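A.B. asks: Structure, please.
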Amino acid sequence: MSTTLHWQKSSYSSGDVDTACVEIATAPTAIHLRESDHPTTVLTPAPAALHALLIALKGDL
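C.D. replies: A predicted model of the protein is given here:
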């Protein structure tokens, strides 16, 4: 069974059509990431890897 993902843009995105941003979609067992410039390339990181990335981006290491 395939599920259509509902993509949400980052709150830091200005909403302009030409603005590149990260988009996120959730599914029952995964979180998916993509860049708005390349919507066909989707990353589905393991939860621990995504957590480490977010901590590093926030600078809390």
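A.B. asks: Would you check that Ala20 makes contact with Ser36?
C.D. replies: Yes: using Cβ atoms under 8 Å, Ala20 and Ser36 qualify as a contacting pair, with a distance of 5.6 Å. (Glycine included, C-beta is placed from N, CA and C.)
A.B. asks: Those two - which one has more neighbours?
C.D. replies: Neighbour tally, Ala20 and Ser36, criterion other Cβ atoms under 10 Å: the higher count belongs to Ser36, 16 against 10.
A.B. asks: Spatially, what comes nearest to the more buried one if we skip its sequence neighbours?
C.D. replies: Nearest residue to Ser36 in three dimensions, chain neighbours excluded: Cys21, at 5.1 Å (Cβ to Cβ, 6 or more residues apart in numbering).
A.B. asks: Can you tell me how far that neighbour is from Leu57?
C.D. replies: Using Cβ to Cβ, to the nearest Å, Cys21 is found at 14 Å from Leu57.
A.B. asks: Among these two, which residue is more densely surrounded?
C.D. replies: Higher neighbour count among Cys21 and Leu57: Cys21, with 16 against 9, using other Cβ under 10 Å.
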